[in-house]
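Colleague: Predicted model and sequence below, questions to follow.
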Amino acid sequence: MSLRRWAVRVVKPIHVRLRTEKVRSLCRHLSGNGLTLLDVGGSPGIDGEFLPLYSRFSKVVIVNLEDSFDGLDGYPVSKILADGRRLPFADKSFDWVFSNAVIEHVGDGADQESFAHEIRRVASCGYFVATPNRYFPIEPHTLLPLYQFLPVRVQRRVVRFSPGYLREYEQINLLSPAQMRLLFPEAEVFCTGLPIIKNSVIACCHKGRLHAGT
C-alpha cells in the first residue's frame, strides 16, 4: 500500500467524525420549523455526514463554483453555480448560512473579506463557518507538517511529496482565530476538533431564534 493511500485510509474516519461534530454543534442552535439553509461551497460530505444537517431544514440551497453535487440525487436540495464572494441572493435571504472548509480556498485576504461579507449579508438568523486552524501543525490538505508557513516557492517544490489529497500547488490561505474574529466580528469564534491543539476554527453567530418567514 502506498503512503498516500495509507494516509487517506487513516485520516478518513477522523475527518468524518470531526465533520459530524460540526453538524451537531450547529444543530444545537436551531429551533422551530420551516427554517432555510444556504450551504456555501457545500456537499454531502465524505460519507454523507452533512445530510442529517440538511434534513433539519425545509429548504436547502447549495452554492458551488463548479458542478460538484454528487451524492445529492433524491434529496430536496437546490443546487446553484455561483461565486461565494458574490452571492446572487438578497439580504437576509436565508435563516442560516453554513460553510465548511471553503473560506481558505477563495483567494487572498480581500477575497476572504468579500466571502465573509456575503455570508453575513444573506443570513437572517445566523451563520456557522468552519475552517482549518492555521496553527494546527499538520496542514490538512497536504498532511505535511508546517506546510502553511512555507514560502510559496517552497510549497511548489514540496507539495509533490504530499500524502494528502493535494498533490499540486494551490493557493490556500489558512486562518487563525484572530483573523476569523476580524472577518466575523459579531460571531463567537472558538477552536474545536482534536484534543490539545484544536484543528478547526469556528465562527458561529446566532442573531436570534427567528422562525422562517417572520
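Modeller: That came in fine, so what should we check first?
Colleague: what's the neighbour count on the closest residue to residue 205 other than its chain neighbours?
Modeller: Distances taken as CB to CB, 6 or more residues apart in numbering place residue 187 nearest to residue 205, at 4.0 Å, with adjacent residues excluded. Every C-beta, even on glycine, is put in place using the N, C-alpha and C of the backbone. For residue 187, the tally of surrounding residues (other CB atoms under 10 Å) stands at 22.
Colleague: what's near enough to touch the nearest residue to residue 20 once chain neighbours are set aside?
Modeller: Beyond its immediate neighbours in the sequence, the residue positioned closest to residue 20 (CB to CB, 6+ apart) is residue 49, lying 4.9 Å away. For residue 49, the contacting residues are 16, 19, 20, 23, taking CB atoms under 8 Å, 6 or more residues apart in numbering as the criterion.
Colleague: Just say helix, strand or coil for the first one.
Modeller: Following DSSP: H, G, I helix; E, B strand; the rest coil, residue 16 is assigned to helix.
Colleague: could you point out which element follows the helix or strand bottoming out on mean pLDDT in the chain?
Modeller: Per-element confidence for the chain was summarised using mean pLDDT, DSSP states H and E. The lowest value among helices and strands belongs to helix 3-27, with a mean of 68. Stepping forward along the backbone from helix 3-27, the first helix or strand reached (DSSP states H and E) is strand 36-40.
Colleague: Sort out which residues of that following strand are buried, please.
Modeller: Applying a neighbour-count criterion of 16 or more other CB atoms under 10 Å, one finds 36, 37, 38, 39, 40 buried in strand 36-40.
Colleague: repeat for stretch 56-63
Modeller: Buried residues in stretch 56-63, counted by 16+ other CB under 10 Å: 57, 59, 60, 61, 62, 63.
Colleague: ok, those vs residue 114, which is closest?
Modeller: Nearest to residue 114 among these, counting by CB to CB, is residue 63 at 14.0 Å.
Colleague: Between strand 36-40 and the longest strand seen in the chain, find me the angle.
Modeller: Assignment by DSSP state E gives strand 123-132 as the longest strand of the chain. Using axes from the mean of the first three to the mean of the last three CA atoms, to 10 degrees, the inter-axis angle of strand 123-132 relative to strand 36-40 is 30 degrees.
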